[in-house]
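Structure of the sequence below:
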Amino acid sequence: MKRIMVLSIIVCALCAPAVWSAKNQATNQPVRFGFSSVGFGVGMVDPDDVDATVGFSFFGDVAQIRPNLNLEMFLGYWQQSEDVWEGGDVTLRDFTIMPRCKYMFDLQSPSVTPFAGGGLGFHIVSAGIDVPTMEYGGGVIIPGYSENETELKLGLDLGGGLLFNVKDSMAIQTDAWYSMVSDVSHLALRVGLVFKLGR
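Have a look, this model is predicted:
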């Protein structure tokens, strides 16, 4: 809980000047829809009470709400399995579908662009257990079983990162996001490639 509070305060502090700046921009500029970039990333996901694992993501800016304020669609996936008993395993999976608002800070630098933001979306969380048939001395056999349960959960993402512009059409992105989700809150650190599209 302390980590969530600290992250919330940091993101609010980063976003406050951005929102104020956006409000003071010309308000007659319409929202621009259409993909301006697409990308994919890979990195480390560290869920609460579960060992860290590898996570994958696909994302793209789908609209410009205000100058420097973009709407991103994010898709993410991670899975972690742990051994139980004799050859059995428990598996936890999370597939995320989430829109995020990102404020792109203007540093007057052509090479790097920091950003911060947040999003509210859905996590399709699946938990499963698979236990094989076990045989003990004396002919005692315990039959195996499998069970799986999937839930749709609402989650809140807060975070930010850096966009390193390699060339006009491509950039490298590093980011850190904390997802607040019931039972499966997690911190994700990723690096990825972004391809800029003409619009």
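
Show the contacting residues for residue 104.
With contacts defined as CB atoms under 8 Å, 6 or more residues apart in numbering, residue 104 is in contact with 68-70, 113-115, 163. Where C-beta positions appear, they are placed from N, C-alpha and C, glycine not excepted.

With secondary structure as extra columns, can I get these in TSV?
Formatted as TSV, these follow (DSSP: H, G, I helix; E, B strand; the rest coil):
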residue	secondary structure
68	coil
69	strand
70	strand
113	strand
114	strand
115	strand
163	strand
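
Among those residues, which one lies nearest to residue 106?
Checking those against residue 106 with CB to CB, the nearest one is residue 68 at 6.2 Å.

thought that closest one was touching residue 103?
Yes - counting by CB atoms under 8 Å, residue 68 touches residue 103, with 5.9 Å between them.

Among those two, which residue is more densely surrounded?
Applying other CB atoms under 10 Å to residue 68 and residue 103 shows that residue 103 carries more neighbours, namely 23 against 17.

Could you look up the SS state of that one?
With three-state DSSP as the criterion, residue 103 reads strand.

do residue 90 as well
Following three-state DSSP, we place residue 90 in the strand state.

Which strand residues bridge it?
Legend: beta-bridge partners of residue 90 under DSSP bridges are residue 82, residue 129.

Can you give me the distance of it to residue 51?
Applying CB to CB, to the nearest Å, the value for residue 90 to residue 51 is 11 Å.

Quick check: neighbours shared by the two?
residue 82.

Between these two, point out the one with more neighbours.
A direct count of neighbours by other CB under 10 Å for residue 90 and residue 51 places residue 90 higher, at 17 against 9.

Is it correct that residue 193 is in contact with residue 170?
Yes - using CB under 8 Å, residue 193 is in contact with residue 170, at 6.8 Å.

where do the helices sit along the protein?
2-23 (DSSP state H).

Going along the chain, name the strands of it.
For the chain, applying DSSP state E gives strands covering 32-47, 53-66, 69-84, 88-104, 112-131, 134-136, 140-142, 145-167, 170-180, 186-196.

Show me what the last one is packed against.
Meaning strand 186-196. Using 3 or more CB pairs under 8 Å, 6 or more residues apart in numbering; DSSP states H and E as the contact test, the elements touching strand 186-196 are strand 32-47, strand 53-66, strand 69-84, strand 170-180.

CSV for these, including mean pLDDT, mean neighbour count and distance to residue 98?
Shown next, in CSV, are the helices and strands packed on strand 186-196 (pLDDT from 0 to 100; neighbours: other CB atoms under 10 Å; distance: least, CB to CB, whole Å):
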stretch, mean pLDDT, mean neighbour count, distance to residue 98
strand 32-47, 91, 17, 14
strand 53-66, 93, 18, 9
strand 69-84, 90, 17, 5
strand 170-180, 95, 19, 9
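
could I get those strands as TSV with distance to residue 124?
Shown next, in TSV, are these (distance: least, CB to CB, whole Å):
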stretch	distance to residue 124
strand 32-47	15
strand 53-66	14
strand 69-84	9
strand 170-180	13
